[in-house]
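Trainee: heads up, no residue letters with this:
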DNA sequence: CAAGGTATTTTGATAGCTCAAAATGAGTTT
DNA sequence: AAACTCATTTTGAGCTATCAAAATACCTTG
Ligand SMILES: [Mn+2]
Ligand SMILES: [Mn+2]
Ligand SMILES: [Mn+2]
Ligand SMILES: [Mn+2]
C-alpha cells in the first residue's frame, strides 16, 4: 500500500499534469503544490520512479506512469466522493470539506468508497463541480469557458469552481455563484482587469479577472 | 497533533488499563496489542512520557496521564462512532468494520465526528455493544456477566461481544448471539470447558468457556 | 562566448518509528 | 547463595520523509 505521502505526491502530480507542457511537471511546481522544498521532491521522485509510479526526466520534470496514474485517480476519486458525502449527508460547509477530505482520502478503503458512492447515487461531480473519476479510472476532461473567457451577454450556468480556499468559496457562495447558478457577463474590461456579472435577480457584481478565471461556465439551457 | 502511531499507543493503553493490576500495563502486554517488539514500546513510551501523555514506571509498566487518557478517549470515540456509521448507514458487515475504523479513527476531525454523532442520533454503544465515550470523555464502566459466568436458567439479553476478529463475529452472528438477542444458559460443564445455550426458538448450542467469556449479557426484561 | 540567474540536484543532518540482538534486572528455583 | 528464567531495557542499525545549504546544470543576456 502506498503511504499517504506517496498518495499525495501522485495526486498532486495528476492535478499538475493537466495543462503542463507535454504533461511534464517541473520539480518546483510539485514542490510548491506539496509545500516541501525542491530537494525533497527530487529525492522522493527518484524513489517513486524506482517503484514504477512516475517517470523522471532529470532537469526537465516528472510525469505519472500508467500505474501511478491509476493510483492517483483512485485517491482523487476518494477525495471528491468524501467531499460530496460531507456536504450532502453531513451538511457541512462546502468551504470546509477540502481540508477534511485531504486526510480522509488516505484512510478510506475501496470497499467503503464504493458503498459511499452507492449511498450518494454515483455522483459525477463533487460540491465544487470537480469531476469524480469513475471506479474504472475514467476522468471527464470536459473543457469549460470561465467568466474571464466566455462570451458576454449570453445566459450561463456555473459548472465548477477551481479553487478550494475557504475565503474564495465563501465569497462565491455569498455572491450566488456556486455551481448551478445562472449568470450573464455584462461587461469585461481587460485594461482594468474587471469582469461584471449579473444574476437574473440582483445587482451587478464586479470580479477581478483572476477570480473570474476560477469560475467555469457552460451555456445555460444548452 | 498526535500521530496515528501515538494515537494507537494511547488507545491500546486505555483498553489494556481496564482490568490491569493497579492500572499499570506491562510493556509486553502493550507490545503484544500493538504488534511491535518490546524494545520498540520501551523507546516509544519514554517519548510519550516526555510529552506528558503517559507515566512510565521502569520495569513495572505504563499508565495514561489525565491528558493521555483524554486523547485516548477521543480516539476510541472516533473508532466506535465510525464502526456504528459503517454498519448503520453504509450497511457493512459488523465483522469488517473494525479494520476500517482502525484507519479512519485517525483521519476524522472532531467536527466531522460530531456531525456523524448527530446523524446517528448520539448512540451510546457501537455495533458490538462497546460503549461509545461521550464528547466530554465519559466512558460507561458498566460491568456485565458473560455466558461463562452468569446464572444458568434465567433469560438473558446479549449486550456486548468483546472480540473483533472476523471469524468470531461471523460465528456469533450466525448463531444468533449478536447484541439484542435473548438466550438462556442451559448447562455449564467446567470440567469439559463447555457452555450450552438455548435461544427461545432453536436447538441448543455449545460454546467453549473461552468463547462464552467474550459474550456479555444482562438479565432480560430487567 | 563568458557571465548571470534560476531550477534542480546533491550532500549532510534530523525526526519518528521500527527491528534484532545483546545486556540487564528481578524474581524463582535449586 | 548461585543458577536460572523471563520481562524489560539498551545498543546499533535501517527506513521514510523532511530541511538547509552547497554544488551543478542549463538557459539567457551582454
Ligand atoms: Mn491528502
Ligand atoms: Mn472539490
Ligand atoms: Mn488505529
Ligand atoms: Mn467495536
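Mentor: That came in fine, so what should we check first? Being a predicted model, the structure only gives us computed values, none of them experimental. Ligands and ions are numbered 1, 2, ... in the order given.

Trainee: alpha carbons only for contacts and neighbour counts from here, please
Mentor: Will do.

Trainee: do I have it right that residue A:146 meets residue A:215?
Mentor: Yes: contact between residue A:146 and residue A:215 holds when scored by C-alpha atoms under 8 Å: they sit 5.4 Å apart.

Trainee: so which of those two has more stuff around it?
Mentor: Set side by side, residue A:146 and residue A:215 give different neighbour counts by other C-alpha atoms under 10 Å in any protein chain shown, the larger being at residue A:215 (24 against 21).

Trainee: and stretch A:16-27, what's buried?
Mentor: By neighbour count, with 16 or more other C-alpha atoms under 10 Å in any protein chain shown as the criterion, the buried positions of stretch A:16-27 are A:16, A:17, A:23, A:24, A:25, A:26, A:27.

Trainee: might you report the residue contacts of the nearest residue to the last one once chain neighbours are set aside?
Mentor: I take that to be residue A:27. The spatial neighbour of residue A:27 that comes closest, neighbours along the chain excluded (C-alpha to C-alpha, 6 or more residues apart in numbering or on different chains), is residue A:61 at 5.6 Å. Contacts were defined as C-alpha atoms under 8 Å, 6 or more residues apart in numbering or on different chains; by that measure residue A:61 touches A:24, A:25, A:26, A:27.

Trainee: check contacts around the third one.
Mentor: To tie it back to what came earlier, the one meant is residue A:26. In this structure, residue A:26 makes contact with A:60, A:61, A:62, judged by C-alpha under 8 Å, 6+ apart.

Trainee: what is the neighbour count of the first one?
Mentor: The number of residues packed around residue A:60, counting by other C-alpha under 10 Å, is 10.

Trainee: surely residue A:216 touches residue A:160?
Mentor: Yes: the criterion here is C-alpha under 8 Å, and residue A:216 meets it with residue A:160 at 5.0 Å.

Trainee: and the longest helix belonging to chain A, what other elements does it pack with?
Mentor: The helix spanning the most residues in chain A, taking DSSP state H as the definition, is helix A:66-88. Packed against helix A:66-88, as judged by 3 or more C-alpha pairs under 8 Å, 6 or more residues apart in numbering or on different chains; DSSP states H and E, are the following elements: helix A:4-17, helix A:97-104, helix A:110-119.

Trainee: kindly reformat those helices as CSV containing mean pLDDT.
Mentor: Shown next, in CSV, are the helices and strands packed on helix A:66-88 (pLDDT from 0 to 100):
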stretch, mean pLDDT
helix A:4-17, 97
helix A:97-104, 98
helix A:110-119, 98
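
Trainee: can I get those helices in TSV with distance to DNA strand C?
Mentor: Written out in TSV, the entries for the helices and strands packed on helix A:66-88 read as follows (distance: least, C-alpha to the nearest atom of the strand, whole Å):
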stretch	distance to DNA strand C
helix A:4-17	13
helix A:97-104	16
helix A:110-119	23
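
Trainee: could I get those helices as TSV with distance to residue B:184?
Mentor: Written out in TSV, the entries for the helices and strands packed on helix A:66-88 read as follows (distance: least, C-alpha to C-alpha, whole Å):
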stretch	distance to residue B:184
helix A:4-17	49
helix A:97-104	43
helix A:110-119	37
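
Trainee: which stretch among the ones you listed comes nearest DNA strand D?
Mentor: Nearest to DNA strand D among these is helix A:4-17; the distance by C-alpha to the nearest atom of the strand comes to 4.6 Å.

Trainee: any chance you could read off phi and psi for the residue in chain A that DNA strand D sits nearest to?
Mentor: In chain A, no residue comes nearer to DNA strand D than residue A:36, which is 3.7 Å away by C-alpha to the nearest atom of the strand. The phi and psi values for residue A:36, taken as degrees, to the nearest 10, are phi -130, psi 170.

Trainee: repeat for residue A:59
Mentor: Main-chain dihedrals, residue A:59, degrees, to the nearest 10: phi 70, psi 0.

Trainee: for chain B, what are the nearby residues on chain A?
Mentor: Contact residues (C-alpha under 8 Å from any C-alpha of the partner chain) of chain A with chain B: A:86, A:90, A:100, A:103, A:104, A:107, A:108, A:109, A:112, A:115, A:116, A:119.

Trainee: and the two most separated of these?
Mentor: Taking every pair in the residues of chain A next to chain B and measuring C-alpha to C-alpha, the maximum separation is 20.8 Å, between A:103 and A:119.

Trainee: and the two? Which one has more around it.
Mentor: When residue A:103 and residue A:119 are compared on other C-alpha under 10 Å, the one with more neighbours turns out to be residue A:103, at 18 against 14.

Trainee: just give the nearest non-adjacent residue to that one, would you?
Mentor: Closest residue in space to residue A:103, ignoring its immediate chain neighbours: residue B:107 at 5.4 Å, by C-alpha to C-alpha, 6+ apart.

Trainee: and that neighbour, how many neighbours does it have?
Mentor: Residue B:107: 21 surrounding residues under other C-alpha under 10 Å.

Trainee: now do the contacts for it.
Mentor: With contacts taken as C-alpha under 8 Å, 6+ apart, residue B:107 has the following neighbours: A:103, A:104, A:107.

Trainee: residue A:183 in helix, strand or coil?
Mentor: Counting by DSSP: H, G, I helix; E, B strand; the rest coil, the backbone at residue A:183 sits in strand.
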